[in-house]
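**Student:** this one's structure only:
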């Protein structure tokens, strides 16, 4: 089944304790992206990657890091989490062929992170 | 600046009634337009999209949307709502070269009453 898999789905951590949220897709998509969802704000893009070893900042990159060493994986790293990073996080991927802009994002099920 | 506005934070409709969710965008060119639905505890799923051609597009689950360039709108409609349609709905636009950047609206939560 074509899917984007995120782990963990739920996590409670404390301020300053480094954590990584993994994201893996099995569709051979070049494009991957991380979003955070907050009430009243919709989804905001954190980082995205157009292909292996190519990453770029989205709208809210502060406090986050990413890497894209393999095509299928795009982990989100919080080096020193803070309470304002408490949010619901989504990873998504998309094929970039054809009429790229019309290609649909495939989303993971989400990771709910709480930072105390 | 590029933006997507969904004016209604939440909407309540009776089962069997019609539904219209509003979406307005701000972008200098014709964007790629999407509606996604998020059921509780789930990721986002595409309902429909528009990128060219007929301005009335059909999607899954009986939804349709109409692109109106003059109003910069892409409103979502359904003639008869089912209880299972209760969810959060996001309008999104693909902008920039190749439409690679996707901007989401804040979402509209739909409640369905029996």
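**Tutor:** Looks like it came in fine. Note that the structure is predicted; figures quoted are calculated from it, not measured. Residues are numbered from 1 along each chain as shown, chains lettered A, B, ... in the order given.
**Student:** Close to chain A: what parts of chain B are there?
**Tutor:** Contact residues (Cβ under 8 Å from any Cβ of the partner chain) of chain B with chain A: B:4, B:6, B:9, B:32, B:34, B:41-46, B:49, B:51, B:90, B:94, B:98-102, B:104-107. All C-beta spots, glycine's among them, are computed from the backbone N, C-alpha and C.
**Student:** Just the buried ones from those residues, in PyMOL syntax?
**Tutor:** To isolate the buried members of the residues of chain B next to chain A in PyMOL, using 16 or more other Cβ atoms under 10 Å in any protein chain shown:
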select buried, chain B and resi 4+6+32+34+43+44+46+49+51+90+94+98+99+100+101+102+104+105+106+107
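**Student:** Inside strands: which ones of the residues of chain B next to chain A?
**Tutor:** Using DSSP state E, the members of the residues of chain B next to chain A that fall in strands are B:4, B:32, B:34, B:44-46, B:49, B:90, B:94, B:101-102, B:104.
**Student:** Show me the two of these that sit farthest apart.
**Tutor:** B:45 and B:101 (20.5 Å; Cβ to Cβ).
**Student:** Show me what counts as buried in the longest strand along chain A.
**Tutor:** For chain A, the strand with the greatest residue count under DSSP E is strand A:42-51. The neighbour-count check on strand A:42-51 (16+ other Cβ under 10 Å) flags A:42-50 as buried.
**Student:** now swap in stretch B:20-31 and tell me
**Tutor:** For stretch B:20-31, using 16+ other Cβ under 10 Å, the buried residues are B:21-25, B:27, B:31.
**Student:** of the residues you listed, closest to chain A?
**Tutor:** Chain A lies nearest to residue B:31 out of the buried residues of stretch B:20-31, by Cβ to the nearest Cβ, at 8.3 Å.
**Student:** For the closest one, give me the pLDDT.
**Tutor:** Note on residue B:31: pLDDT of 81.
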